[in-house]
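**Q** Got a predicted structure plus its sequence, pasted below:
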Amino acid sequence: MNWKDKNILITGVGGFAGSYLAEELLNQKANVYGLIRRRADGTKAKNLIDHGIENSVKTIEGDLTEITSLTNALEISEPEYIFHLAAQSFVPRSFENSPETQMINCIGTANLLDATRKTDSDAKVVFAGSSEEYGLVISTEDQYKQAKKEYGTIFPEPVNIPEVPIKETNPLRPMSPYAVSKVYGDHLMQNYYHSYGLNTVVSRAFNHEGAGRGLMFVTSVVTNQVMKLKFGEIDKITIGNLNAFRDWSHVKDIVNGYMTLAENGKSGEVYNQGSMRTNSVLSYILLGLKEAGWNIGKIETFNGDKSIENPTEIDDSAIYEVKFDKTVVDTMILDGKLEYTLEDRGIKVHTDKGIIPIEFNPDRFRPAEVPILFADTEKIQGIGATIEHSLNDIIRDQLNYFLKKENRL
Ligand SMILES: Nc1nc2c(ncn2[C@@H]2O[C@H](COP(=O)(O)OP(=O)(O)O[C@H]3O[C@H](CO)[C@@H](O)[C@H](O)[C@@H]3O)[C@@H](O)[C@H]2O)c(=O)[nH]1
């Protein structure tokens, strides 16, 4: 599409993905308006400054929880396209303060849709739903039996096992207040299309990462610590569940996907966005260490009773970037060579420069966890989206970000 001179409104423009999206649209000469929360100190959002676009985005102050803010933003920007990215997006925070998450994510989305309807805007709305909506994805028969026991008759039955890679038609089994809030927004988008004919398209993006990712998300937790290790500021890595598998995309691929949805997404439809890979948190750490210059020899549990020799040398994509193999669930390394529990307290990584401990912090484990996410992205690829970045591209960008930030380049 030719974005030149098109009016765009982005909610959450000061956020991680919002600022990448704004930069790309500005590069393509669109008029970018961004809804931004009032800041007591009068400064602009840091992400806009990092992207050098703080003066090019036309910011409109407002709050999603006040519908007048949204009608005002729509009247000022007269958008042809709205990207609704603003949200409380950190899963653990939603467990701590669920009403806050619901206010922003549910009421905020309801306000935006209703403001769009009431102002007779014919803008196309692209909504940032989430892979978290899928929640408890079933990978094995045993897991299914256990889940069925726990959740009883309300458990949405799998269509087939394994349910990975996950298609848009998969049942939604949200596992956190955040995930529930995204299911709400997702369904409301579809409902406003069917009830009022609003042009709404839902993106269910899987995890997306890159330079500038919030420090609390696991990929930044890892790469930030890897850099601190490199410069001798810490002597171990502290982490939560090493055994979670995520489908990590580069944020730039996801932002391009949002633009593809604006251009070619069918109204009332839902599209996954992901990388067609799934990797464990442990793999992210090992690849991060490797990228930062360590050679990894062996990994073992703290008491040494379980170990793997040369894990990063088993280096083909079957280990670290897989087309999902159904034998692989709930084990740390994808071929299941090292299994561990929280009682093991951590893992030692033997390297050419000494041992690096990876210590489990029980506080970082969640009341309910999503064990694996892995997208089937055929539908969005069918309308033109592509995957341009590898997992190592993401890790490299994040490591370099921390190098630059600390003036270490
Ligand atoms: N944050 C964090 N997560 C950790 C840690 N240790 C292990 N993890 C595990 O790493 C996984 C990823 O956590 P996050 O990076 O916090 O992301 P998320 O919960 O998967 O959610 C992100 O992706 C969603 C899309 O799938 C987004 O919708 C959501 O807003 C967020 O960006 C989770 O399984 C989490 O338990 C840690 O120290 N910190």
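**A** Perfect, I can see it now. Numbering: from 1, shown residues only.
**Q** most residues in a single helix of the chain, which one?
**A** Using DSSP state H, we find that the single longest helix of the chain is helix 177-196.
**Q** and that one, does that touch the ligand?
**A** No - counting by C-beta under 6 Å from any ligand atom, the ligand has no neighbours in helix 177-196; the shortest distance is 6.6 Å. Where C-beta positions appear, they are placed from N, C-alpha and C, glycine not excepted.
**Q** quick one: average pLDDT of that helix?
**A** When pLDDT is averaged along helix 177-196, the result is 98.
**Q** packing partners for the helix or strand following it?
**A** As assigned by DSSP states H and E, the chain's next helix or strand after helix 177-196 is strand 199-205. Applying 3 or more C-beta pairs under 8 Å, 6 or more residues apart in numbering; DSSP states H and E, we find strand 199-205 packed against strand 124-130, helix 177-196, helix 251-264, strand 270-273.
**Q** what angle separates strand 199-205 from strand 124-130?
**A** Taking axes from the mean of the first three to the mean of the last three C-alpha atoms, to 10 degrees, one finds strand 199-205 and strand 124-130 inclined to each other by 30 degrees.
**Q** Now do strand 199-205: distance to the chain's middle.
**A** Computed by C-alpha atoms, centre = their mean, to the nearest Å, the chain-centroid distance of strand 199-205 equals 15 Å.
**Q** Run me through the strand neighbours of it, direction for each.
**A** Sheet partners assigned to strand 199-205 using DSSP bridges are listed as strand 124-130 (parallel), strand 270-273 (parallel).
**Q** sorry, back to before: and the contacts of the longest helix of the chain?
**A** Outside helix 177-196, the residues that touch it by C-beta atoms under 8 Å, 6 or more residues apart in numbering are 84, 87-91, 93-95, 98, 101-102, 105-106, 109-110, 113, 116-117, 125, 127, 129-130, 132-133, 135, 172, 174, 198-202, 204, 267-268, 270, 370.
**Q** Of these, which count as buried by neighbour count?
**A** 84, 87-89, 91, 93-94, 98, 101-102, 105-106, 109-110, 113, 116, 125, 127, 129-130, 132-133, 135, 172, 174, 198-202, 204, 267-268, 270, 370 (16 or more other C-beta atoms under 10 Å).
**Q** where does the stretch 251-400 of the chain dip in pLDDT?
**A** Residue ranges of the stretch 251-400 of the chain with pLDDT under 70: 312-339.
**Q** Looking at it, which residue is nearest the ligand?
**A** Nearest residue of the stretch 251-400 of the chain to the ligand: Arg364, at 4.2 Å (C-beta to the nearest ligand atom).
**Q** got the contact list for that residue?
**A** Arg364 touches 238-241, counting by C-beta under 8 Å, 6+ apart.
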